[in-house]
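Chemist: Please work out how this folds:
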Amino acid sequence: MKKHLHKILAGILVGVSVVSMTACSSSEDANLTDKGTSNQTVPMGRYVEESLELPKAMKSVMEWAISAEGSITIYGYDKDNKIAAYSLQEDNTWAEKDVAWMNQLERIIKITFGENGETYVLYGDAEYRSHLAKETAEGTVEEVAIDWGETSGYPVEMEILPGGDIMIGRQNMGVSRFSGVDGKVVAQYNGSEGEFAIAKNQLMQVDMQRGGVVVFDLETGEELEVVAYDAIEWGSKLVSDGSSGTYVVNGKGVSRLAPGGSAWENIIEGSMSSFGMPSLYNQGVVMKSSEEFLVLFGSQTDGNELLRYTYNAQVPSRPTTELSVYMLEENMTVRQAAAEYQRQNPEVLINLQIGMGHGNSVTKSDAIRTLNTELLAGKGPDLLVLDGLPIQSYIDKGVLMDMGDWAGPKIEQGEWLSNITGAYEKEGQIYALPTRFKLPIMWGNQDIIDSVNTLEELAAWAVANPGRQVLYNMTPEQLVEKFYGTSALGWLDEEGKIQEEKFVVFLESIKTLADSEDAVVVGGEWFEIDSKSNEYLAYNDTQLHVQTIGGMMEVTNPYSAIKQRGEGDFDLAVSSEGGVFEPVGVIGVNGNSEHADIAKDIVKMAMSEQVQDVELGEGFAVNAKSFDTQAARNEGSMMAVGMQAAGSRPVETVMPDEKVYEKLASFGQLVEVPAMTDDVLMQMIIEETKGYFDGEKTAEEAATAVSQRTRAYLAE
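Modeler: The predicted model follows:
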């Protein structure tokens with residue numbers, strides 16, 4: 001089916017898709033410029049998107065194919081889990097097709113048509129070996145001989161060549177050309193992904209390991225060249241017609257390589273299109289005519305979605321209103337909200353700006369300094385994702401718009417969790433709203449869970465129990481990072497300045513825990529640290545495991561650890577202010593925005609069930625109904641896969657009972673203090689206290705140094 005996509009993309013060259021927004025700046029490199037309504041004459045003509053209803057009797061879609069004549073057939077499962085097929089008619093209705101013979105096949109992988117309309121099906125058996133079958137004229141199944149070799153591997157793509165030879169791409173095995181007569185290998189095209197396209201006498205294959213597209217001679221299998229493509233990613237699809245160019249389609253959009261060229265041209269910007277929506281994944285594109293094409297998406301929440309794009313010469317080639325959204329680092333919830341809003345409002349162009357995009361060499365402090373310069377000059381983005389940014393400083397300096405007049409009623413009426421979304425409310429004014437949140441939780445020793453509430457008390461417990469290691473081995477810097485968010489409000493005043501005496505107590509507590517008896521410091525990424533910490537708790541080597549939980553699925557591993565340990569419980573992690581949560585995707589409107597109404601609607605979209613119901617791995621929902629739905633997803637089928645660091649001892653998986661999930665959900669409705677999220681301030685603290693932990697200065701000297709540096713930072 002992908003061989004028809006080149007026709008679609010050739011049409012896109014003469015117009016800009018409603019969801020492509022080619023005028024957007026790269027999401028990898030923020031370009032802080034004023035965005036407003038354009039008064040310039042805009043050329044006419046672009047593709048307009050609409051949704052097509054899928055066959056009502058089809059519960060889920062697994063595959064689709066298009067014949068040489070352009071007939072589209074969708075395959076899936078009905079309510080009885082039987083394979084069903086429907087062909088799209090000229091009036092956009094669906095006609096059922098008899099495919100009873102397919103129910104004889106165990107696990108269908110790919111379906112395609114031969115040049116004479118024959119239906120070919122790649123399928124797997126119970127032992128995960130691959131097979132190829134086709135439908136006979138009598139409507140029965142005929143096995144097609146394929147010499148797979150020692151292993152059939154995992155097929156990902158298939159195409160039938162004129163003359164009958166069969167092209168099959170397999171993960172980590174490249175592409176093989178099998179004879180249509182005896183199934184023997186005619187040619188081999190080595191590669192890693194198995195995604196391929198054919199153009200005249202060449203085969204092109206996606207290769208993640210080599211960072212681009214590898215070109216082969218179709219007849220001999222000889223490698224001709226590698227065309228680098230820096231936007232290559234897992235799941236990239238490749239299409240080509242051999243004349244207008246070769247196209248890569250993935251979550252970043254669609255890019256075109258002209259015949260014989262070496263530079264890719266971005267045709268559709270993924271960050272501003274349905275291709276880049278976090279909740280959708282592209283299952284394929286087929287052509288209806290030169291001015292109409294269909295895209296089938298899979299969805300995390302709504303099964304499948306079929307979109308139609310038709311060229312309309314009477315629609316402006318690009319929206320006349322542009323709004324900018326800034327995020328220091330990628331936030332999928334806000335991206336999902338922006339993309340969904342834009343799909344519903346094609347007259348608006350939403351420009352996503354990411355301060356520290358992938359491959360960007362800009363430091364976090366430099367990115368924030370650049371942003372601050374724009375904001376304090378009365379300019380900058382319309383909408384801000386405030387994670388990692390100095391939220392309180394922005395509030396104090398009047399950067400953010402008060403959202404209380406419309407957000408307040410939603411909180412008061414219970415549409416949003418009031419304890420979370422009201423966290424930044426002050427005297428009826430609301431300047432920031434978390435779109436998700438996480439819960440810092442400690443698991444382990446019952447005595448600690450029952451009696452310890454603050455970091456200082458935890459350090460005191462460690463001193464009183466010298467033979468029992470409290471936490472997994474971490475450096476002082478790692479411990480500062482672990483407890484900074486939940487402890488900072490205890491030693492910062494209302495202006496965000498360091499209270500030196502209280503900060504000294506924090507430093508001394510960190511040092512006590514880092515110097516715990518028998519501790520051997522082991523570095524590593526946070527995944528490794530959390531995994532090892534969980535393991536150490538399970539084997540009773542440590543007394544406590546502290547982890548930030550962002551969903552019900554994340555409870556299984558630490559719960560299993562305390563069950564293997566033989567005793568223990570869990571509670572909110574130690575903090576300075578009681579129930580502390582970690583805000584995620586905190587969003588605010590620039591007080592100088594010329595598009596405040598649009599920005600407000602995007603915020604509402606981010607907080608809606610439509611977005612909040614989508615599991616994006618960023619935390620619990622703040623929409624009350626979505627939170628209840630998320631909290632109810634505690635069946636065994638939702639169990640997270642237990643990943644462990646290399647060399648870890650096994651921890652037997654034990655599914656939590658309902659009371660565990662209920663307790664965690666109750667925390668989500670009780671916590672009301674947002675953890676400190678200013679990453680620049682945290683880095684300053686780590687840098688200025690290194691001398692204390694190394695024994696080169698006193699805690700008081702380190703506290704003074706931090707205080708002086710942060711005062712200068714807050715004054716910027």
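Chemist: Please enumerate the strands of the stretch 401-550 of the chain.
Modeler: Listed in chain order, the strands of the stretch 401-550 of the chain (DSSP state E, counting those that start in this stretch) span 425-426, 429-430, 436-444, 544-549.
Chemist: Would you mind putting the ones you listed into TSV with mean neighbour count and mean pLDDT alongside?
Modeler: From N, CA and C alone the C-beta is placed, and that goes for glycine too. Compiled in TSV, those are given as follows (neighbours: other Cβ atoms under 10 Å; pLDDT from 0 to 100):
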stretch	mean neighbour count	mean pLDDT
strand 425-426	14	88
strand 429-430	19	96
strand 436-444	24	97
strand 544-549	23	95
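Chemist: how about the ones you listed in JSON lines, adding distance to residue 461?
Modeler: Formatted as JSON lines, the strands of the stretch 401-550 of the chain follow (distance: least, Cβ to Cβ, whole Å):
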{"stretch": "strand 425-426", "distance to residue 461": "35"}
{"stretch": "strand 429-430", "distance to residue 461": "38"}
{"stretch": "strand 436-444", "distance to residue 461": "12"}
{"stretch": "strand 544-549", "distance to residue 461": "9"}
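Chemist: Which among those is found nearest to residue 262?
Modeler: strand 436-444 (41.7 Å; Cβ to Cβ).
Chemist: Partner strands of that closest one and their direction?
Modeler: Taking DSSP bridges as the criterion, strand 436-444 forms sheet pairs with strand 544-549 (antiparallel), strand 569-572 (antiparallel), strand 580-584 (antiparallel), strand 620-621 (antiparallel).
Chemist: so which of those strands comes closest to residue 90?
Modeler: Closest among the strands paired with strand 436-444, once you apply Cβ to Cβ, is strand 620-621, at 42.4 Å.
Chemist: Let me know how buried residue 464 is, in neighbour terms.
Modeler: When neighbours are counted by other Cβ atoms under 10 Å, residue 464 registers 8.
Chemist: about what we covered before: among the strands paired with strand 436-444, which is nearest residue 656?
Modeler: Closest among those, using Cβ to Cβ: strand 569-572, at 10.0 Å.
Chemist: What lies in contact with the closest one?
Modeler: 439-444, 446, 449-450, 558-559, 562, 579-580, 663, 667, 671 (Cβ atoms under 8 Å, 6 or more residues apart in numbering).
Chemist: For that strand, give the mean pLDDT please.
Modeler: Mean pLDDT, strand 569-572: 96.
Chemist: can I get the CA coordinates of it in PDB?
Modeler: Taking Å, rounded to 0.1, in the frame of the first residue of the first chain, the C-alpha atoms of strand 569-572 are listed here in PDB:
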ATOM      1  CA  ASP A 569       4.400  -0.300  53.500                       C
ATOM      2  CA  PHE A 570       4.400   2.900  51.500                       C
ATOM      3  CA  ASP A 571       3.500   6.500  52.000                       C
ATOM      4  CA  LEU A 572       4.200  10.000  50.500                       C
END
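Chemist: Partner strands of the lengthiest strand in the chain, with direction?
Modeler: Using DSSP state E to assign secondary structure, the strand with the most residues in the chain is strand 303-316. Within its sheet, and counting by DSSP bridges, strand 303-316 is paired with strand 44-52 (antiparallel), strand 292-299 (antiparallel).
Chemist: how many neighbours does residue 368 have?
Modeler: 22.
Chemist: Ok, residue 330 next?
Modeler: Neighbour count of residue 330, defined by other Cβ under 10 Å: 19.
Chemist: I figured it hits residue 355, correct?
Modeler: No: using Cβ atoms under 8 Å, residue 330 makes no contact with residue 355, being 10.3 Å away.
Chemist: Student question: in the protein, what's the helix or strand with minimum average pLDDT?
Modeler: The least trusted helix or strand in the chain, going by mean pLDDT, DSSP states H and E, turns out to be helix 5-12, with a mean of 35.
Chemist: Please report the residue range of the longest helix in the protein.
Modeler: Looking across the chain with DSSP state H, the single longest helix is helix 699-715.
Chemist: who touches it?
Modeler: Helix 699-715 is contacted from outside by 390, 393, 495-498, 500-501, 503-504, 507-508, 511, 680-681, 684-685, 688-689, 691-692, 697, using Cβ under 8 Å, 6+ apart.
Chemist: Just the buried ones from those residues?
Modeler: The neighbour-count test (16 or more other Cβ atoms under 10 Å) marks 390, 393, 496, 498, 503-504, 507, 511, 680-681, 684-685, 688-689, 692, 697 as buried among the contacts of helix 699-715.
Chemist: All the helices of the stretch 251-400 of the chain, residue numbers only.
Modeler: 332-344, 364-376, 391-396 (DSSP state H, counting those that start in this stretch).
Chemist: Give me the residues contacting stretch 100-116.
Modeler: So stretch 100-116 is in contact with 1, 62-68, 75, 82-83, 85, 119-126, 130-131, 133-135, 139-141, 155-160, 162, 164, going by Cβ under 8 Å, 6+ apart.
Chemist: bridging residues for the nearest residue to residue 394 once chain neighbours are set aside?
Modeler: Leaving aside its sequence neighbours, residue 394 sits nearest to residue 400 (Cβ to Cβ, 6 or more residues apart in numbering; 5.2 Å). Beta bridges link residue 400 to residue 590 when assigned by DSSP bridges.
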